[in-house]
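*Asks:* generate a structure from the sequence data that follows.
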Amino acid sequence: MSGTPPKAPRLPAAQVFDLAGLVTYADGAVVSRALALAAGGTVTLFAFDRGEELSEHTAPFDALVHVLDGAGEFVVGGTTHRVSTGQVLLMPAGVPHAVKAVERFKMLLTMLRNAQAQAPG
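*Replies:* Next comes the predicted model:
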């Protein structure tokens with residue numbers, strides 16, 4: 001049907017899911033699965049095999065990373081952060097960042113459009 005935007009992926013409503021189980025590891029790869037796409041942002045799961053990486057880049061939106069399994073190394077504005085299971089990291093809009101899997105790891109990435117994320121406090 002011409003002119004109709006694609007339907008945004010989403011999880012079925014009112015069902016419980018094991019978040020880390022919604023994406024699987026693949027040898028020598030980075031696997032992603034979009035869970036939600038909306039005007040206000042996106043929510044995407046990633047599974048990185050050990051040694052896989054995303055080279056330095058910038059994003060026009062704040063990005064909140066929540067590591068669900070394993071550990072990743074994030075370089076944000078030239079500072080290296082090791083983020084492990086259960087930890088979160090806010091990568092601010094416009095600041096160069098890169099990601100490397102120091103071991104296999106899974107993360108939930110929430111892109112926050114049209115708003116600056118603020119640290120609790």
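
*Asks:* okay, stretch 32-47 in CSV with CA atoms only?
*Replies:* The C-alpha trace of stretch 32-47 is given here as CSV (Å, rounded to 0.1, in the frame of the first residue of the first chain):
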residue,chain,number,x,y,z
SER,A,32,20.1,-6.0,17.1
ARG,A,33,16.4,-6.0,17.6
ALA,A,34,14.2,-2.9,17.7
LEU,A,35,11.5,-3.1,20.4
ALA,A,36,9.9,0.3,20.0
LEU,A,37,10.1,3.1,17.5
ALA,A,38,8.3,6.4,18.3
ALA,A,39,8.6,10.1,17.6
GLY,A,40,10.1,10.5,21.1
GLY,A,41,12.7,7.8,20.7
THR,A,42,13.7,4.2,20.1
VAL,A,43,14.4,1.2,22.2
THR,A,44,16.7,-1.4,20.8
LEU,A,45,18.3,-4.6,22.1
PHE,A,46,21.9,-5.5,21.1
ALA,A,47,24.0,-8.6,21.5
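
*Asks:* which parts of it are buried?
*Replies:* For stretch 32-47, burial by neighbour count (16 or more other Cβ atoms under 10 Å) applies to 35, 37, 41-47. C-beta: built from backbone N, CA, C; applies to glycine.

*Asks:* first to last residue in stretch 84-97, what's the distance?
*Replies:* End-to-end span of stretch 84-97 (Cα to Cα, to the nearest Å): 17 Å.

*Asks:* show me the contact partners of it.
*Replies:* 56-71, 74-78, 81, 83, 116-117, 119 (Cβ atoms under 8 Å, 6 or more residues apart in numbering).

*Asks:* among these, which ones are in strands?
*Replies:* The strands, defined by DSSP state E, take in 56-57, 62-71, 74-76, 81, 83 from the contacts of stretch 84-97.

*Asks:* which of those count as buried?
*Replies:* Taking 16+ other Cβ under 10 Å as the criterion, what is buried in the ones in strands among the contacts of stretch 84-97 is 62-70, 74-76, 83.

*Asks:* possible to save the residues you listed as a markdown table with pLDDT and distance to Leu112?
*Replies:* Listed next are these as a markdown table, based on pLDDT from 0 to 100; distance: Cβ to Cβ, whole Å:
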| residue | pLDDT | distance to Leu112 |
| --- | --- | --- |
| Asp62 | 95 | 4 |
| Ala63 | 96 | 7 |
| Leu64 | 97 | 7 |
| Val65 | 98 | 12 |
| His66 | 98 | 13 |
| Val67 | 98 | 18 |
| Leu68 | 98 | 19 |
| Asp69 | 97 | 23 |
| Gly70 | 98 | 24 |
| Phe74 | 98 | 17 |
| Val75 | 98 | 20 |
| Val76 | 98 | 15 |
| Val83 | 98 | 18 |
